[in-house]
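Chemist: Sequence and predicted model, in that order:
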Amino acid sequence: MAAAVDLVREQGLRQLSMRTLAERLGASPMAVYKHVASRDALALLTVEAILASLVLPDERLEPVAWLRELAGRVRALGLAHRGVMDFLLEEGPIAHTSLVVLDRTVRKLHDAGIPWKEAGALHNTFFSWLAGAVRRQEPWDTGTPGTPSPFQKFFAAAAALPAADYPGIAHSLPHMRTTEVEREFEVSLGFMLEGIQRRIDARRDETRGAARKRPRPRQG
């Protein structure tokens, strides 16, 4: 598994195969099959091993601060192991280590006053965005320094549209061109966390309001 993780770090998860792993180990592919049943099983075991290195934030942090810290750690892990976010987007959190993250996140939100069902939905929304944001950055990190942005085709297509007919694109396109990846991630993360904080605050207000409406027990 250590060799498989190294291969993912160097080449990405999609390049991992029984053959490439066998070559790295100096063995035959059939020898690998004696330990792992299939390439899908190998991918799952490798993702499991990669996510096992994720250290969760301090539980004493407030929910939004906890999520901010977790997002940074997951992002760093994903960028260092290309293809892991694709795996999680396609397969879901089927690795045990990803299920641990799901459990801790949902519990953190529930402890802040969010009902279980809503906490699960918030987790799904947050991590779908996070995985997509990491996946979107991968072309920048793997491209040759000095090469055009991977979104040059989008910029060219958007710039060709008549500004009078598409004012939203015309006004936002210059900002999209100049936005740095790191800055874009922080801004998007801020939007996500602000929405989650609003949900937490709304639930807390509902709880306080319900408490004030409860009839007080009669004296004597």
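Modeler: Nice, thanks for sending it over.

Chemist: And the pLDDT at Gln219?
Modeler: Per-residue confidence (pLDDT) for Gln219: 66.

Chemist: Over to Pro174?
Modeler: 89.

Chemist: now do the one 4 residues further on
Modeler: For Thr178, the pLDDT comes out at 74.

Chemist: and it, how many neighbours?
Modeler: 8 (other CB atoms under 10 Å). To be clear about C-beta, it is placed using only N, CA and C from the backbone, and glycine gets the same treatment.

Chemist: again, but for the one 4 residues further on
Modeler: Summarising burial for Glu182: neighbours were counted as other CB under 10 Å, giving 9.

Chemist: Give me the mean pLDDT for the helix or strand where it lies.
Modeler: Element membership for Glu182 (DSSP states H and E) is helix 181-213. On average, the pLDDT along helix 181-213 is 89.

Chemist: What of stretch 34-46?
Modeler: Averaged across stretch 34-46, the pLDDT comes to 95.

Chemist: Please tell me the pLDDT value assigned to the spatially closest residue to Leu88 that is not a sequence neighbour.
Modeler: Closest residue to Leu88 apart from its sequence neighbours, by CB to CB, 6 or more residues apart in numbering: Ala131 at 5.4 Å. Listed pLDDT for Ala131 reads 94.

Chemist: shouldn't Ala131 be in contact with Met85?
Modeler: Yes - if you go by CB atoms under 8 Å, Ala131 and Met85 touch, sitting 4.2 Å apart.

Chemist: Could you tell me which residues touch both of those two?
Modeler: Counting by CB atoms under 8 Å, 6 or more residues apart in numbering, the contacts common to Ala131 and Met85 are Gly78.

Chemist: what domains does the record give for the protein?
Modeler: Taking automatic domain parsing as the criterion, the chain consists of the domains 1-53, 54-146+185-212, 148-178.

Chemist: Check the ones you listed for me: which has the lowest mean pLDDT.
Modeler: Here the domains of the chain differ in mean pLDDT, and the lowest is domain 148-178 at a mean of 87.
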